[in-house]
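Novice: return a 3D structure for these sequence lines:
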Amino acid sequence: MPELGRTLVILGLLLALAGALILGLNRLNLPLGRLPGDLSWRGRGWSVSFPIVTSILISVLLSVLLWVVGRLRR
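Specialist: So this is what the prediction gives:
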């Protein structure tokens, strides 16, 4: 049971770090979610957004970061 508690604490810290990172990136005025190729529709009182290119960009950046960390740990 202590492993579950430790895992939940680590996941909570990672979630808090992700939230802080999002807030910090928001202050830099990066156009994440508004890149060419991101789809969005707006109507009266509603909006739908599919940030496809932003998701691909974040995925590539995280893949490269994890690859570098993996190479450094060898």
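
Novice: need the nearest residue in space to the residue nearest the centre of the chain, chain neighbours excluded.
Specialist: Taking Cα atoms, centre = their mean, the centroid of the chain lies closest to I58, which sits 6.4 Å from it. Spatial nearest neighbour of I58, excluding adjacent residues (Cβ to Cβ, 6 or more residues apart in numbering): L32 at 7.8 Å. Where C-beta positions appear, they are placed from N, C-alpha and C, glycine not excepted.

Novice: got the domain ranges for the chain?
Specialist: The record's domain parsing of the chain by automatic domain parsing lists 1-30, 32-74.

Novice: quick check: the residue nearest to the centre of the chain vs L21, distance?
Specialist: 11 Å (Cβ to Cβ, to the nearest Å).

Novice: follow-up on the earlier one: lowest average pLDDT across the domains of the chain?
Specialist: The minimum mean pLDDT among those belongs to domain 1-30 (a mean of 88).
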